[in-house]
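[1] Sharing a model prediction with you, sequence too.
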Amino acid sequence: MVKELLEQRRLPELMKMKDGTEVTAENWAQRRLELVDILAEYQYGRMPAYDGKTTAVIESSERSAAGKAVTQRVKITFPTPDGESFTFPVSLTIPDSAKGYAPVPAFVFISFGYPKYYPLEEIVDNDVIVAEMIMNDVAADREDHYEGGMAPHYIKDGQRESDTFGKIGMWAFAASRVLDYLLTLDCVDKDRVGVMGHSRLGKTALWAGANDERFTHVFSNDSGCSGAALTRMKVGETFPRIANVFPYWFNEKMQEISVSVEASEQAPFDQHFLVAAIAPRKAYVASAMEDSWADPYSEYLACHAASPAWEIHGLDGFCAPNRLPIPDEEYTDGCVGYHLRPGTHFLSRYDWIRYIRFLKGTEDDWEELPF
Ligand code: GTR
């Protein structure tokens with residue numbers, strides 16, 4: 001059934017190089033770069049080159065999560081191409097347990113900064129570090145003609161080339177700067193560092209993970225259109241709609257492929273390219289049953305369509321049945337995790353708990369997670 005549903009979507013071929021060569025484990029690294037390049041060209045814009053000189057200052061530190069952790073306010077600074085620098089804050093919570101012998105997993109959580117659900121105590125009880133970065137501290141989530149945040153250091157007078165990045169690219173770039181800092185900390189397990197975001201920030205987490213291979217796990221919560229959901233035959237939000245309402249999230253060329261639904265379905269990529277660009281690392285896509293704007297089935301089918309990118313490495317890709325999912329099902333046996341939460345568009349405790357499990361990876365550690 002899944003095969004037929006995917007055939008109807010007429011997706012661009014994932015497992016062929018641009019020159020037509022079959023994709024194998026040997027040329028995967030090259031194919032991955034092709035995927036990132038095509039997504040940068042048509043949708044998100046290119047990531048600026050970076051020399052790696054990120055610095056951090058701990059501004060304050062306080063006990064948190066009922067006294068089981070410390071939350072630090074850290075100012076992250078990175079040099080910008082105009083010879084200046086840009087600084088943004090991160091809220092970094094380190095459980096006391098991380099001061100033990102073994103380093104612990106960590107999330108870079110790209111956040112709206114207003115109460116979407118953020119279960120700090122559960123995260124801390126499970127010996128996981130979380131670094132929360134708020135999108136508006138990096139670049140405002142509105143049409144500001146690239147005058148605020150990090151944008152003017154990269155874009156002069158609001159004038160962009162067709163492949164200059166937009167806000168999604170900026171938030172993703174900043175997530176990598178948070179990662180620069182986390183990777184300097186002894187308490188962080190470098191083999192388990194995930195990037196996570198909800199909705200527009202789920203799109204951002206996928207793009208951050210596609211670009212930065214140091215993220216070992218990538219979590220997309222209800223990311224929908226131009227996130228994990230296939231564009232071809234998608235229901236709910238479409239490219240013309242998203243490109244019209246949120247042009248500043250994307251590059252300029254996104255407008256050209258978004259003049260109509262037909263034009264967007266002719267684009268030389270679909271969103272399974274984005275999920276696949278995370279291979280052979282771990283990806284997790286989560287949907288909510290009532291989130292028809294994002295389209296849960298188009299997210300689920302994208303996971304199936306991306307799965308060969310893991311299989312060529314001899315890994316299990318997306319281990320899910322040959323049918324559409326029903327609410328409360330989760331598939332986490334392969335390198336691509338998925339769940340379909342009952343309910344609406346939201347980042348809930350239900351979602352977080354499954355992300356913690358997937359990031360930790362070992363069932364022994366799950367005892368304190370009630371569902
Ligand atoms: C909506 C947008 C979606 C999604 C959502 C969100 O307005 O159409 O693509 O990103 O916002 O971020 O909450």
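    Arrived safely, thanks for sending. Numbers count the residues shown, from 1 in each chain.
[2] contact partners of the helix or strand containing His304?
    Assessed by DSSP states H and E, His304 sits inside helix 296-306. Surrounding helix 296-306, the residues in contact under the criterion CB atoms under 8 Å, 6 or more residues apart in numbering are 2, 5-6, 9, 11, 14, 220, 223-224, 227-231, 233-235, 270-273, 275-276, 279, 283, 285, 287-289, 317-318, 320, 324-325, 336, 338, 340. Yep, even glycine has a C-beta here, placed from its N, CA and C like the rest.
[3] buried stuff in that helix?
    By neighbour count on 16 or more other CB atoms under 10 Å, the buried set for helix 296-306 is 296-306.
[4] Restricting to the contacts of helix 296-306, which residues neighbour the ligand?
    Gly224 (CB under 6 Å from any ligand atom).
[5] among the contacts of helix 296-306, which ones are buried?
    The buried subset of the contacts of helix 296-306 - by 16+ other CB under 10 Å - is 2, 5-6, 9, 11, 14, 220, 223-224, 227-231, 233-234, 270-273, 275-276, 279, 283, 285, 287-288, 317-318, 320, 325, 336, 338, 340.
[6] So which of those are in strands?
    Filtering the buried ones among the contacts of helix 296-306 for membership in strands, criterion DSSP state E, returns 220, 283, 285, 287-288, 336, 338, 340.
[7] Flag every residue of the chain that's near the ligand.
    So the chain meets the ligand at 199-200, 224-225, 237, 242 (CB under 6 Å from any ligand atom).
[8] among those, which are in helices?
    Counted as lying in helices by DSSP state H, out of the residues of the chain next to the ligand, are 200, 242.
[9] need the contact list for Ala139.
    The contact partners of Ala139, by CB under 8 Å, 6+ apart, come to 148-151, 167, 170-171, 174.
[10] at 6 Å what do you get?
    Residues in contact with Ala139 (CB atoms under 6 Å, 6 or more residues apart in numbering) are 149-151, 167, 170.
[11] Throw these into TSV and include secondary structure and neighbour count, thanks.
    Shown next, in TSV, are the contacts of Ala139 (DSSP: H, G, I helix; E, B strand; the rest coil; neighbours: other CB atoms under 10 Å):
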residue	secondary structure	neighbour count
Gly149	coil	21
Met150	coil	24
Ala151	helix	23
Lys167	helix	29
Met170	helix	29
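[12] can I get those in TSV with pLDDT?
    Shown next, in TSV, are those (pLDDT from 0 to 100):
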residue	pLDDT
Gly149	98
Met150	98
Ala151	98
Lys167	98
Met170	99
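[13] Most widely separated two among these?
    Longest distance between any two of the contacts of Ala139 is 10.0 Å, between Met150 and Lys167; criterion CB to CB.
[14] Who wins on neighbours among the residues of the chain next to the ligand?
    Highest neighbour count within the residues of the chain next to the ligand, by other CB atoms under 10 Å: Gly224, with 27 neighbours.
[15] Please tell me how far the closest residue to it other than its chain neighbours sits from Asp212.
    Residue nearest to Gly224 in three dimensions, not counting chain neighbours: Ala294, with 2.9 Å by CB to CB, 6 or more residues apart in numbering. Here Ala294 is placed at a distance of 24 Å from Asp212 (CB to CB, to the nearest Å).
[16] Give me the subset of the contacts of helix 296-306 that lies in helices.
    Among the contacts of helix 296-306, the members falling in helices (DSSP H) are 2, 5-6, 9, 272-273, 275-276.
[17] Nearest to the ligand, out of those residues: which one, please.
    Nearest to the ligand, judged by CB to the nearest ligand atom, of these is Val275 at 16.5 Å.
[18] My guess is Ser162 contacts Met254. True?
    No - in this structure, Ser162 is not within contact of Met254 by CB atoms under 6 Å, at 9.2 Å.
[19] Please say which of those two ends up with more neighbours.
    Using other CB under 10 Å as the criterion, Ser162 and Met254 rank with Met254 on top: 24 against 13.
[20] Pretty sure that one sits in a strand.
    No - counting by DSSP: H, G, I helix; E, B strand; the rest coil, Met254 falls outside a strand, being helix.
[21] What segments of this protein are strands?
    Going by DSSP E, the chain shows strands at 55-64, 69-79, 85-95, 104-111, 129-134, 188-198, 217-221, 282-288, 330-331, 336-341.
[22] Read off the pLDDT value for Gly197.
    At Gly197, the model reports a pLDDT of 98.
[23] low-confidence ranges in the stretch 201-350 of the chain?
    The model of the stretch 201-350 of the chain has no residue with pLDDT under 70.
[24] repeat for the stretch 1-150 of the chain
    Short version for the stretch 1-150 of the chain, where the test is pLDDT under 70: 116.
[25] so which residue of it comes closest to the ligand?
    Distances between the stretch 1-150 of the chain and the ligand by CB to the nearest ligand atom are smallest at Phe112, namely 7.8 Å.
[26] Same list (the contacts of Ala139) but as CSV, adding distance to Ala49.
    Supplementary listing: these in CSV, determined by distance: CB to CB, whole Å:
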residue, distance to Ala49
Gly149, 19
Met150, 15
Ala151, 17
Lys167, 19
Met170, 15
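[27] so Gly343 touches Ser287, yeah?
    No - using CB under 6 Å, Gly343 is not in contact with Ser287, being 10.6 Å away.
[28] on that earlier part again, show me the one of the strands of the chain that comes nearest Phe246.
    Relative to Phe246, the nearest member of those by CB to CB is strand 188-198, separated by 15.1 Å.
[29] could you give the angle of the closest one to strand 104-111?
    Here strand 188-198 runs at an angle of 30 degrees relative to strand 104-111 (axes from the mean of the first three to the mean of the last three CA atoms, to 10 degrees).
[30] Any idea how far strand 188-198 is from the middle of the chain?
    10 Å (CA atoms, centre = their mean, to the nearest Å).
[31] go on, stretch 47-64?
    Its chain's average C-alpha position is 20 Å from that of stretch 47-64, according to CA atoms, centre = their mean.
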